[in-house]
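[1] okay, predicted coordinates and the sequence, questions at the end:
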Amino acid sequence: MTNRFAHTGPLRSRSPLATLVWLLIALAICLSVTIINRTPTAYFDTGLYLTRGENTLQTLGLAPKQRTTDENGTADPKAAAKDAAKGNTGADDDRTTSGSRSLFYAAFLASALTFADLRMVPILQACALILTILISVRTIVRCYDLSVSPPALTALAVAGAAIGSAPFYVAFLMPDIFAPILLLVVAGFVAFMADMLPWERAALFVLAAVAVMTHPSHLAIALVLVPPALLGVVLFRRPRKLLAAVMVVGIPLAGLAEHMAVRTAVKTVVHSDVVYTPFLTARLIVDGPGLEYLHATCPNPEVASCALLPMLNEPQRVTPYNILFEKQPDLGSLALLPKETQRQIMAEQVDFAKDVFTSKPLSVFAAVTRNTLIQLRKYSAGTTITEPRELSAIRRSAFDLPPHFDDARLSTRQPWMDQTNTLHAAAYAVSTVLILSLVLWPRSGLPLQLRCWALFILVGIIANAFVCGAVSQPAARYGARVLFLLPMAAVLLVAVRPAIQSSTAARFVKPKTSIPSE
């Protein structure tokens, strides 16, 4: 039996030292923004995640209880701020707990802060991304018997991702980096399941399961990807297609199981109900069909969302943020209602969406399509950069971040941000054209499996745009978190194409036979 990894060449080395060097290069590339900035980057929700995670660790007895007074017995303002933020993160006075922020990722951040350092988080996130890419590369190299080094090719693919927004999301103390990891795993399962080793399948499944546990939108993306993935598994007749189908379906099932476990634990431990911010309700109202439905239906005591209608009489009120979060009397809606009414509106958002779709199917379809297309055009990574005012807001209302966040160098007000946006726009456009050309051109030289893999990365990006743009709200942060997969995939396809063609040609070269002389 021949060893497929016994090739030699400038990129082929079985040396553990060479492997380590290539992987360290990939790690350094992923951490480039963190290194330049001298600290991870944070978002306002980062403080809320940390507060919720700390509350969880305290409930489990893994962290000391936060003091609400200082040594003299007077109120500690920092502890009071954390306690005030608890309504957004844990059990509130109305005995509800927000499910919109992942308890899993919150505990992850809080554990890093409590037992190590928040600066470890970008390293761990980078390792998760690199491992996902490495397994994908190993599978491609093994499948086509290529004379290239998987670690070297991984570093090259990571460099392609770094042309895009990857280093920004590695540095970001938010769960967004796990969305592209999820997309890579699903694409790998559909195209290369039969070529993976058992430990590779297990590792990718664990990474995908973690991804769907880190944010509700990731679980929604996994659910949206199930139908096209199953269709791909059926049409793409390869061995182990049943296993591929089971793994693809198992990813969202893992996320749903985690959600059920959290609900049960919250109900048992803190005697609270898990509720979700009604993003879907707000989205339908802002797009028009939801507001038309309320005008046609209300007043109706069986529709809790009717309570929003009297406060939606002015255009400036009809924005997702104002509907969901604004507390000013002349702008807010949901936050101004009684707690019980808020809970009812949150609980009925799925039923509300069904009723709106039933009454206005064409309007809803048009709005969903429009928002998905808008989301696909949003690509700036600027949201990942922590501005001083945002840092102050986090510390004032949510969490007292460590002092090293004050050492940040990067700001979106610096000229480099516009230049970076231009670079990213060009990279994403060129990569998309290149990928589509290689996938659709019959004579591109790419095998069917690799075309399928690249195609499902594109499908995953569209699924992300659908979930984040059509269900939540179009935002640059949600687009940029997955678009770096385009230059990564393009670089990888261009790099392996000549090697695949050479390997394929070599298989059809007949060995010369010598005719013995008489």
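    Ah, there it is. Remember, predicted model here, so these are calculated numbers, not experimental data.
[2] for the chain, where's the lowest mean pLDDT among helices and strands?
    Taking mean pLDDT, DSSP states H and E as the measure, helix 77-89 is the helix or strand of the chain with the lowest mean score, a mean of 46.
[3] sticking with residue 110, tell me its helix or strand.
    helix 103-115 (DSSP states H and E).
[4] in the stretch 201-350 of the chain, which spans are strands?
    273-275 (DSSP state E, counting those that start in this stretch).
[5] in it, what spans have low per-residue confidence?
    For the stretch 201-350 of the chain, no stretch has pLDDT under 70.
[6] about what we covered before: who are the packing partners of the helix holding residue 110?
    If contacts are counted by 3 or more Cβ pairs under 8 Å, 6 or more residues apart in numbering; DSSP states H and E, helix 103-115 sits against helix 44-59, helix 120-144, helix 198-214. Using the backbone N, CA and C atoms, a C-beta is placed for each residue, glycine as well.
[7] pipe those into TSV and attach distance to residue 263 per row.
    Formatted as TSV, the helices and strands packed on helix 103-115 follow (distance: least, Cβ to Cβ, whole Å):
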stretch	distance to residue 263
helix 44-59	14
helix 120-144	26
helix 198-214	14
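[8] so for residue 428, which of those helices sits nearest?
    helix 120-144 (17.9 Å; Cβ to Cβ).
[9] list the buried ones in the longest helix along the chain?
    Using DSSP state H, we find that the single longest helix of the chain is helix 241-269. Across helix 241-269, burial judged by 16 or more other Cβ atoms under 10 Å covers 241, 244-245, 247-248, 250-252, 254-255, 258-259, 262, 265-266.
[10] so how far is it from its chain's centroid?
    Helix 241-269 has its C-alpha centroid displaced from the chain centroid by 17 Å (Cα atoms, centre = their mean, to the nearest Å).
[11] compute the inter-axis angle for that helix and helix 103-115.
    70 degrees (axes from the mean of the first three to the mean of the last three Cα atoms, to 10 degrees).
[12] now do the contacts for the nearest residue to residue 278 once chain neighbours are set aside.
    Sequence neighbours aside, residue 349 is the residue nearest to residue 278 in space, at 4.1 Å (criterion: Cβ to Cβ, 6 or more residues apart in numbering). Neighbouring residues of residue 349 by Cβ atoms under 8 Å, 6 or more residues apart in numbering: 276, 278-281, 305.
[13] now, among those, which is nearest to residue 26?
    Closest to residue 26, out of all of those and judged by Cβ to Cβ, is residue 279, at 35.2 Å.
[14] what sits against the nearest residue to the closest one once chain neighbours are set aside?
    Distances taken as Cβ to Cβ, 6+ apart put residue 472 closest to residue 279, at 4.8 Å, once the chain neighbours are dropped. With contact taken as Cβ under 8 Å, 6+ apart, residue 472 is in contact with 217, 279, 283, 320, 478.
[15] those residues in helices, which ones?
    Reading helices off the contacts of residue 472 with DSSP H, I get 217, 279, 283, 320, 478.
[16] just to revisit the earlier point, could the contacts of residue 349 be laid out in JSON lines, adding neighbour count and distance to residue 419?
    JSON lines is the format used below for these (neighbours: other Cβ atoms under 10 Å; distance: Cβ to Cβ, whole Å):
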{"residue": "276", "neighbour count": "16", "distance to residue 419": "39"}
{"residue": "278", "neighbour count": "26", "distance to residue 419": "39"}
{"residue": "279", "neighbour count": "19", "distance to residue 419": "33"}
{"residue": "280", "neighbour count": "18", "distance to residue 419": "37"}
{"residue": "281", "neighbour count": "26", "distance to residue 419": "39"}
{"residue": "305", "neighbour count": "28", "distance to residue 419": "44"}
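[17] so of the residues you listed, which two are at opposite extremes in space?
    Every pair of the contacts of residue 349 checked by Cβ to Cβ; the farthest is 276 and 305, at 14.2 Å.
[18] before we move on, back to that, for residue 298, see how far away the residue nearest to residue 278 is.
    Note on residue 349: its distance to residue 298, by Cβ to Cβ, to the nearest Å, is 16 Å.
[19] next one: residue 238
    Applying Cβ to Cβ to residue 238 and residue 298 gives a distance of 53 Å.
[20] just residue 221 next, same as before
    The value you get for residue 221 to residue 298, if Cβ to Cβ is used, is 33 Å.
[21] look at these two and report which has more neighbours.
    A direct count of neighbours by other Cβ atoms under 10 Å for residue 221 and residue 298 places residue 221 higher, at 26 against 15.
[22] C-terminal to the helix or strand where residue 155 lies, what's the next element?
    In this assignment (DSSP H and E), residue 155 forms part of helix 150-163. Using DSSP H and E, the helix or strand that directly follows helix 150-163 along the chain is helix 166-171.
[23] can you mark which positions in that following helix are buried?
    For helix 166-171, using 16+ other Cβ under 10 Å, the buried residues are 166-171.
[24] and the next helix or strand after it, what does it pack onto?
    Scanning forward in sequence from helix 166-171 by DSSP H and E, the next helix or strand is helix 178-192. If contacts are counted by 3+ Cβ pairs under 8 Å, 6+ apart, helix 178-192 sits against helix 120-144, helix 198-214, helix 216-235, helix 241-269, helix 448-465, helix 476-483, helix 485-507.
[25] so which elements touch the first one?
    Where contact means 3+ Cβ pairs under 8 Å, 6+ apart, helix 120-144 is packed against helix 16-30, helix 103-115, helix 150-163, helix 166-171, helix 178-192, helix 198-214, helix 448-465, helix 485-507.
[26] please identify the most buried of the ones you listed.
    helix 166-171 (a mean of 30; mean count of other Cβ atoms under 10 Å).
[27] please enumerate residues in contact with that one?
    29-34, 37, 40-41, 122, 125-126, 129, 158, 176-177, 180, 381, 384-385, 480-481, 484, 488.
[28] in the stretch 51-200 of the chain, which segments are predicted with low confidence?
    65-96.
[29] what about residue 432, distance to residue 466?
    Following Cβ to Cβ, the distance that separates residue 432 from residue 466 is 17 Å.
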